[in-house]
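Enquirer: sequence isn't available, so here's the structure alone:
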């Protein structure tokens, strides 16, 4: 692997000290009365990092004075060996605040800027690195990770966000004790953020406990990675093989390449045993400036500093360097490390290379601990750590085998499961981002409640139960259920009663409508007779002939006799309109009565059936039925036999059961039975897992997806046939009997027309009589005149 990549990481950290010394040199040009500008440097000179920082500072001062030899003042470095004590930074900050001495810290963990105004952190903020960690965790769809960090006094910003941490002075026994606690947790995903020897001792202990084997995942922060690499221990690096780590990204440049070469040469000359490429982190290092009048000016001017350096634009934001905006994501492998992607603020994760079968935010192939290429996860790692296959018990309900059934195959010496519930379960497992092998087996317990309780007591050898198991509050106390994958609630099925009424033709109309129609029939006939009798010979003759003509001409308005008067034709038109509407409505209502199925509900005196041993018994009991009227049945065939007999013949008039069972029953007997009503009083079927199983949430999420994309509906049609019977019969309204109020408007129109006709008849009759009277009077008057 190219060493320049390691040097870039090193320079990214050491460049802060280089810039700091350059800044001091620039300030010195204003101090003409001062020949020496003393700068205190606190380093762990016993560590490789301390030696490297010291070399970098020395090189920075030398480079500056080589270019600016005319400067009168000279920086004098006064190095103090901290001997690896992390409290030096805190002590220096307190002392500097009291003496008003500006202090510049190269430790990225230190955060005293708010407390001490003269404190400036000349290093990158850890907040950006943890944004990258969060993005990495999210990219693998991990819900829970365990954060392992060092409990030190100078890191309150990080420790406050987590529940627990390791003391800095923890011995090996204390580390093992904490790791044993972590092993009892189902989450096998760890983020490690430690320094000094604690990180190496924790890794060594974790390796001994098998926590770095297959099924686990480790993410190392930049500081932890660099600390482990700086120890030059092959065994230690082999222990963390398969872990992911973050490295600050420094863009390549000519200046950076030259400085890297010089730094390498400097170390080779001073200490050939030091491997520069592994020295990529800093301990608690500080640079302090002697108290002077320019102390505050120095801090303020330094905060305003902004220029382009070896690792990019240098700028102080919130008293911390704002250069780093990206991290490399590396996979620790046998030969060192391999870059698999990068993270940039505002962009997210980007893979290292372009592959057409990967999305833009996928990483390159990662070799996880144990040599596995499968992404570890909470559920997956739990299974891999405990057994090779997920042990699933199948509830074999002989009465409804379409839900779940189990058959032993002697040829392959294993069980084969099938059914609606099994198909949903397997489709949900296939949708998971990792493979889970399943081993099915029979469940021996008789009742569902006892099955659940056996799982809770771990007397059953299974991790999950698949079958027609209803979700209830009591059962959820002992197992974890997934989200339901069937319809919720219960329904009632009853036998369809066929109509055999001989007098059904009289049912569509009410008595008052019949009387009203007969009255209008008679009145219409009389009106037409009154109009036509004087002018139409067909309405003349004997009394019986006139009565027959009136009856048949009105009843059958397509009569053979022609009406002579326009008035009678108008009356007949309104009557024909009324009769047409009445006959059409009668025909439609009678047809509805003949075609709509009549379904009988169970009355208070009838018996009701339910499925034995299941939730429906509790639901039916809550309906206040007496016990002697409740009858248990075990299969769909038993349902049909009991409903066909009825309560009077030692059967039942209704079956109350959960919706999945009703669907199954009606798919076989939909011609003779139908669902009367339903109520959401149960929670549907769910898959039962042991308490705390990480598979519950993931299977539940996949069930929701299967429901949304129509997969569950397709499986229902596969096992239940087409669900045409799901339209509840009670939603089909019973045909309404026709009454006078349904045709009030028509009767009013017809009545008005008859009234007008009668008025015209009476008016014409009176006018005719008056004309005859006048004519008679005129005749008598003329006759009297003649006689005179």
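Expert: Good, I have the coordinates. For clarity, every value in this text was computed on a predicted model and none was experimentally measured.
Enquirer: ok, residue 45 - contacts?
Expert: Applying Cβ atoms under 8 Å, 6 or more residues apart in numbering to residue 45 gives the contacts 51, 54, 79, 81. Every residue, glycine included, has its C-beta placed from N, CA and C.
Enquirer: my error: substitute residue 720 in the last question.
Expert: Residues in contact with residue 720, defined by Cβ under 8 Å, 6+ apart, are 402, 420, 663-664, 667.
Enquirer: if you set the cut-off to 6 Å instead, what comes out?
Expert: Counting by Cβ atoms under 6 Å, 6 or more residues apart in numbering, residue 720 touches 663-664, 667.
Enquirer: also residue 658?
Expert: Residues in contact with residue 658 (Cβ under 6 Å, 6+ apart) are 490, 682.
Enquirer: which residues does it bridge with?
Expert: Under DSSP bridges, the beta-bridge partners of residue 658 are residue 490.
Enquirer: distance of it from residue 517?
Expert: Between residue 658 and residue 517 the computed distance is 51 Å (Cβ to Cβ, to the nearest Å).
Enquirer: picking that back up, between the contacts of residue 720, which sits nearest residue 635?
Expert: Using Cβ to Cβ, the shortest approach to residue 635 within those belongs to residue 664, at 10.1 Å.
Enquirer: for the closest one, phi and psi?
Expert: Geometry field for residue 664 lists phi and psi as phi -60, psi -40, criterion degrees, to the nearest 10.
Enquirer: what's the pLDDT at it?
Expert: We note a pLDDT of 81 for residue 664 in this prediction.
Enquirer: now it: how far from residue 689?
Expert: With the distance defined as Cβ to Cβ, residue 664 ends up 25 Å from residue 689.
Enquirer: on that earlier part again, adding pLDDT, write the contacts of residue 45 out as JSON lines.
Expert: Formatted as JSON lines, the entries for the contacts of residue 45 read as follows, by pLDDT from 0 to 100:
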{"residue": "51", "pLDDT": "77"}
{"residue": "54", "pLDDT": "79"}
{"residue": "79", "pLDDT": "79"}
{"residue": "81", "pLDDT": "76"}
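Enquirer: got the buried residues for the stretch of helix or strand residue 349 belongs to?
Expert: Taking DSSP states H and E as the criterion, the element that holds residue 349 is strand 348-351. In terms of neighbour count (16 or more other Cβ atoms under 10 Å), strand 348-351 has its buried residues at 349, 351.
Enquirer: which elements pack onto that strand?
Expert: In terms of contacts (3 or more Cβ pairs under 6 Å, 6 or more residues apart in numbering; DSSP states H and E), strand 348-351 is packed against helix 126-139, strand 336-344.
Enquirer: could you confirm residue 781 falls within a strand?
Expert: No - the assignment for residue 781 is helix, going by DSSP: H, G, I helix; E, B strand; the rest coil, so no strand is present there.
Enquirer: any low-confidence regions in the stretch 1-150 of the chain?
Expert: Low-confidence segments of the stretch 1-150 of the chain, defined by pLDDT under 70, are located at 1-35, 47-48, 83-101, 106-119, 121-125.
Enquirer: please enumerate the helices of it.
Expert: Remark: helices assigned in the stretch 1-150 of the chain by DSSP state H, counting those that start in this stretch are 3-28, 48-67, 87-99, 126-139.
Enquirer: one more: the stretch 351-500 of the chain?
Expert: Counting by DSSP H, counting those that start in this stretch, one finds helices in the stretch 351-500 of the chain at the ranges 378-386, 420-430, 448-456, 473-476.
Enquirer: list the buried residues of the third one.
Expert: Buried positions in helix 448-456, judged by neighbour count with 16+ other Cβ under 10 Å: 448-449, 451-456.
Enquirer: ok, which of the helices and strands packed on strand 348-351 comes nearest residue 367?
Expert: Distances from residue 367 to each of those were compared by Cβ to Cβ, and the smallest falls on strand 336-344, at 8.1 Å.
Enquirer: what packs against that closest one?
Expert: Using 3+ Cβ pairs under 6 Å, 6+ apart, strand 336-344 sits against strand 326-333, strand 348-351.
Enquirer: minimum distance to residue 762: which of the ones you listed has it?
Expert: Closest to residue 762 of the helices and strands packed on strand 336-344 is strand 348-351 (Cβ to Cβ; 96.5 Å).
Enquirer: what mean pLDDT does the closest one have?
Expert: 82.
Enquirer: again with stretch 770-783
Expert: In this model, stretch 770-783 carries a mean pLDDT of 76.
Enquirer: same list (the buried residues of helix 448-456) but as a markdown table, adding pLDDT and distance to residue 194.
Expert: Listed next are those as a markdown table, based on pLDDT from 0 to 100; distance: Cβ to Cβ, whole Å:
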| residue | pLDDT | distance to residue 194 |
| --- | --- | --- |
| 448 | 81 | 49 |
| 449 | 83 | 49 |
| 451 | 84 | 46 |
| 452 | 86 | 43 |
| 453 | 84 | 44 |
| 454 | 81 | 44 |
| 455 | 82 | 40 |
| 456 | 82 | 39 |
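Enquirer: save those as JSON lines, and put in distance to residue 575 too.
Expert: Formatted as JSON lines, the entries for those read as follows, by distance: Cβ to Cβ, whole Å:
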{"residue": "448", "distance to residue 575": "70"}
{"residue": "449", "distance to residue 575": "72"}
{"residue": "451", "distance to residue 575": "75"}
{"residue": "452", "distance to residue 575": "74"}
{"residue": "453", "distance to residue 575": "78"}
{"residue": "454", "distance to residue 575": "80"}
{"residue": "455", "distance to residue 575": "79"}
{"residue": "456", "distance to residue 575": "80"}
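Enquirer: of those, closest to residue 439?
Expert: residue 455 (15.8 Å).
Enquirer: export the helices and strands packed on strand 336-344 as a markdown table, with columns for distance to residue 342.
Expert: Formatted as a markdown table, the entries for these read as follows, by distance: least, Cβ to Cβ, whole Å:
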| stretch | distance to residue 342 |
| --- | --- |
| strand 326-333 | 5 |
| strand 348-351 | 5 |
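Enquirer: and residue 407, which of those is closest to it?
Expert: With Cβ to Cβ as the measure, strand 326-333 is the member of the helices and strands packed on strand 336-344 nearest residue 407 (45.2 Å).
Enquirer: just want the angle from the closest one to helix 126-139.
Expert: 60 degrees (axes from the mean of the first three to the mean of the last three Cα atoms, to 10 degrees).
Enquirer: on that earlier part again, can you list the contacts of residue 720 in JSON lines and add distance to residue 647 and neighbour count?
Expert: As requested, those are exported to JSON lines (distance: Cβ to Cβ, whole Å; neighbours: other Cβ atoms under 10 Å):
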{"residue": "663", "distance to residue 647": "25", "neighbour count": "23"}
{"residue": "664", "distance to residue 647": "24", "neighbour count": "23"}
{"residue": "667", "distance to residue 647": "25", "neighbour count": "19"}
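Enquirer: count of neighbours near residue 59?
Expert: Burial of residue 59 is recorded as 18 neighbouring residues (other Cβ atoms under 10 Å).
Enquirer: now residue 784
Expert: Under the neighbour criterion other Cβ under 10 Å, residue 784 is assigned a count of 9.
Enquirer: for it, give me phi and psi.
Expert: phi -70, psi -40.
Enquirer: picking up where we left off before, farthest-apart pair in the buried residues of helix 448-456, please.
Expert: Based on Cβ to Cβ, the longest span within the buried residues of helix 448-456 runs between 448 and 456 and measures 13.0 Å.
Enquirer: so what's the closest residue to residue 395 other than its chain neighbours scoring on pLDDT?
Expert: If you skip the residues right next to it in sequence, residue 395 has residue 467 as its closest partner in space, 2.8 Å away by Cβ to Cβ, 6 or more residues apart in numbering. The confidence metric pLDDT takes the value 88 at residue 467.
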